[in-house]
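Asker: give me coordinates for this.
(one chain, ligands or ions: 2)
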Amino acid sequence: MTLKEAQNYATLCLQLRPLGDEMEELWGALRAAEDSILASLLMHIRSSKEMMLRAVRGATRLDVAFARLKFGQEVKGVVPIVKDRGVIDVKSARHPVLELRRVRPVANDACVGRKGVRGLVITGPNAGGKTVVMKTLGLFGLMVSMGIPIPCSPGARFDFFTPVIADIGDLQSVTGDLSTFSGHILVAKEVLRRTGAIISEDGSPREKTEEGKDERERKEGAAGEGAEVVEASDLGRDAGCPLVLMDEMGTGTEPHQGAALAQAMLEALVTAEARVVVTTHFVQVKEMALRDERFAVAGMEWVKGRPTYRLKMNEVGESLALDLAGRLGVPSEILDRAHDLLADDIKRATALQARLEKQVDEYNDLIQDAKRDREAAERLRNKLQEHRLRAELRADELVKELAKRQIEEFREKGREMDELLEKLKKQEREMAERTESFQGGGKVEGSAARTRGSSSRNPFGFAPSARGGLTANKAGLEIAEKSASQNREERLKAQASARQLLSKLPKEVEKFQSEMEKVKKTKLPPGWQLLKSGSMFMLRETVFVMVGEHKGAMGKVHGRGLGGRWKVELTSGKEAGKHVEVPPEFMARKVKIGDENKDPVDLDIERKRAIMAGKRKF
Ligand SMILES: Nc1ncnc2c1ncn2[C@@H]1O[C@H](COP(=O)(O)OP(=O)(O)O)[C@@H](O)[C@H]1O
Ligand SMILES: [Mg+2]
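Answerer: Numbering: from 1, shown residues only. Ligands and ions are numbered 1, 2, ... in the order given. From the prediction side, this is the model:
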């Protein structure tokens, strides 16, 4: 710069200086004006703070509600029935992300929490869709807790679960010094603690209320103060049970120990009333799920070497790891060697397992059939019992009727017998009259008079014939009466023998009459005399007839003693009243037709004559 130019610049600065001061003043006034405007605006805002906050909250609520609705519409969701009983019962459930991607997800049905089932064990081949099913249910749990419609068929039931805990993936970290297995174990421990399956380290039980509260407060904070996270306000703050999702639990270590650990965890979780959805390849866990009624088992369908992603309830899927490896391009040499390495017993066990699983369904059907059959058999048995009872009652009635009829019949027979005996007496009387006319004289008359008198006056005290008839009649009736109360066979036997006895008597009488006619013509031995009528008596169903008497020897026949000798009670003479065994000779002098072993009519007439003539012993 030249001197001249420097002088001009200095002059200009001196001229502008006042203007600068003025500017400075103007800026100061402007700032003061701004401050005063801001202060007055602040005053306005402060006075309407509450109103504005309410507006923001309202807008947030609306925004969240619209966001839920929009999301629900995009995933074609429905509002399920929500309660707090830990029930999941959904049809045609689709994973929301697959639904958003419009990849036409395969829809599946799933059910947990009904009929005492608390856990669902998903089995099946790799890449079969197990994890997707499990995640679908987990996401539904979270969506329901946030009031977002879930993509499934209408009428679904999906209860409010809290907390929803998942162990999916791998927590392995170099920076955190965590291995794959220890990562799973840490999650497992947390799961057990938060579900109440174990008590905390200091021994106190899990404080579910506090945790539930914290979690909810966190969600509420995210949504804005006062925003409702769950629409179902009637559920209460601590309603619902935990939902635990574990993908291929127990992996990352030796399989047997891993499976045992997984099984123990599952048992503890369902015992704590948590709802559990897990995926597994462990045979031991599959078996446990089949055995334990608290678990349902399901398998992913695999058709013609490809997954269908369909979940089949009550089926157990195979892992088919080698098949999948082949499909994904593992060289056949490796696969062949792997197949060789599979121990025979494992192969057999796998085949057996498949067969058993198939049989489970068949057995279930059989059990149902058997139940139905048993019920039918029970009904039939009741019916048969009823029929049998009726038949027994009827049989009783019939037996009584029969017995009554038999008694009547015997009474009738008795009457006939009485008539018959009446006839016999009449014939005896007539015979006696004929004998009188045959012998003539007072001696016979006296004898006839004695015979017609009381039985005690009868020689040997034999019962008169009429009495014998009555005895037979009474005996018949007694047998009949008795038979009514005895069993049928005895009755029939007694009836037959009574009939036989009754039928014999008339014959006896007839034959006796003809015998009498012959005897009358016979010369009597000394000391013997003929009775006016035969004295008939019955002994052991045999009819005996006496036609003669020996003077001075009176007695009552009591039957035969040992050695076939007759016993007689003497009724006259010095030894009257005594029971004596009668020597055969004594009886031999008596005329007797028949004996107790032989039919009286069979005794041949020549023998009888010889006996009567005293030429032959009886
Ligand atoms: N329901 C489904 N609908 C459509 N694609 C599915 C379905 N389930 C699974 N897939 C497809 O199969 C893949 C493997 O599923 P994934 O659940 O991981 O199998 P897994 O757990 O049995 O090994 C998924 O990434 C997805 O592409
Ligand atoms: Mg998986």
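Asker: now for residue 75, how many residues are close by?
Answerer: Neighbourhood size, residue 75 [other C-beta atoms under 10 Å]: 22. C-beta: built from backbone N, CA, C; applies to glycine.
Asker: how about the secondary structure of the closest residue to ligand 1 within the stretch 301-450 of the chain?
Answerer: Nearest to ligand 1 in the stretch 301-450 of the chain, going by C-beta to the nearest ligand atom, is residue 309, at a distance of 3.7 Å. Under DSSP: H, G, I helix; E, B strand; the rest coil, the three-state class of residue 309 is strand.
Asker: residue contacts, it?
Answerer: Counting by C-beta atoms under 8 Å, 6 or more residues apart in numbering, residue 309 touches 105-106, 108, 128-129, 132, 300-301.
Asker: excluding chain neighbours, give the residue nearest to the residue in the chain that ligand 2 sits nearest to in space.
Answerer: Going by C-beta to the ion, ligand 2 is nearest to residue 131 of the chain, at 3.2 Å. Leaving aside its sequence neighbours, residue 131 sits nearest to residue 247 (C-beta to C-beta, 6 or more residues apart in numbering; 5.4 Å).
Asker: repeat that for residue 106.
Answerer: residue 309 is the one closest to residue 106 (C-beta to C-beta, 6+ apart), at 3.9 Å.
Asker: state the pLDDT value of the one you found.
Answerer: pLDDT for residue 309: 94.
Asker: and residue 594, by the same measure?
Answerer: On the pLDDT scale, residue 594 gets 35.
Asker: do the same with the one 10 residues further on
Answerer: What the model reports as pLDDT for residue 604 is 49.
Asker: now residue 242, what's its secondary structure?
Answerer: strand.
Asker: show me the chain divided up by domain.
Answerer: For the chain, the structural domains run 3-66, 77-321, going by automatic domain parsing.
Asker: quote the end-to-end distance of the longest one.
Answerer: What it means is domain 77-321. This stretch, domain 77-321, spans 35 Å end to end (C-alpha to C-alpha, to the nearest Å).
Asker: list the buried ones in stretch 82-92?
Answerer: Within stretch 82-92, the residues scored as buried using 16 or more other C-beta atoms under 10 Å are 82-84, 86-90.
Asker: re earlier: count the neighbours of the residue of the chain closest to ligand 2 for me.
Answerer: 17.
Asker: tell me the SS of it?
Answerer: From three-state DSSP, the assignment for residue 131 is helix.
Asker: wait, doesn't it sit right on residue 167?
Answerer: No. Using C-beta atoms under 8 Å, residue 131 is not in contact with residue 167, being 11.6 Å away.
Asker: what do those two both touch?
Answerer: With C-beta under 8 Å, 6+ apart as the test, residue 131 and residue 167 both reach residue 247.
Asker: rewinding a little: ok, now which ones touch the residue nearest to residue 131?
Answerer: Counting by C-beta under 8 Å, 6+ apart, residue 247 touches 130-131, 134, 166-169, 278-279.
Asker: if we use 6 Å, what do you get?
Answerer: By C-beta atoms under 6 Å, 6 or more residues apart in numbering, the contact set of residue 247 is 131, 168, 279.
Asker: how about the residues of the stretch 251-400 of the chain near ligand 1?
Answerer: 300, 309 (C-beta under 6 Å from any ligand atom).
Asker: what's the longest helix in the chain?
Answerer: As assigned by DSSP state H, the longest helix anywhere in the chain is helix 344-439.
Asker: next, the buried residues of stretch 62-74.
Answerer: Buried residues in stretch 62-74, counting neighbours by 16+ other C-beta under 10 Å, are found at 64, 68, 71-72.
Asker: narrow the residues you listed to those in helices?
Answerer: When DSSP H is applied, those are split such that 64, 68, 71-72 fall in helices.
Asker: can I get these in JSON lines with pLDDT and distance to ligand 1?
Answerer: Shown next, in JSON lines, are those (pLDDT from 0 to 100; distance: C-beta to the nearest ligand atom, whole Å):
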{"residue": "64", "pLDDT": "91", "distance to ligand 1": "29"}
{"residue": "68", "pLDDT": "92", "distance to ligand 1": "24"}
{"residue": "71", "pLDDT": "93", "distance to ligand 1": "19"}
{"residue": "72", "pLDDT": "93", "distance to ligand 1": "19"}
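Asker: end-to-end on stretch 111-119?
Answerer: 9 Å.
Asker: now it: buried residues?
Answerer: So, applying 16+ other C-beta under 10 Å, buried residues of stretch 111-119: 111-113, 117-119.
Asker: low-confidence regions, the stretch 101-250 of the chain specifically.
Answerer: Residues of the stretch 101-250 of the chain that meet the criterion pLDDT under 70 lie in 173, 175-177, 199-239.
Asker: any chance you could map the strands in it?
Answerer: Secondary structure of the stretch 101-250 of the chain (DSSP state E, counting those that start in this stretch): strands at 108-112, 119-123, 157-158, 161-167, 241-246.
Asker: just the buried residues of whatever helix or strand comes next after the last one, please?
Answerer: Going back to what we said before, that points to strand 241-246. Downstream of strand 241-246, the first helix or strand assigned by DSSP states H and E is helix 255-271. Across helix 255-271, burial judged by 16+ other C-beta under 10 Å covers 258-259, 261-263, 265-270.
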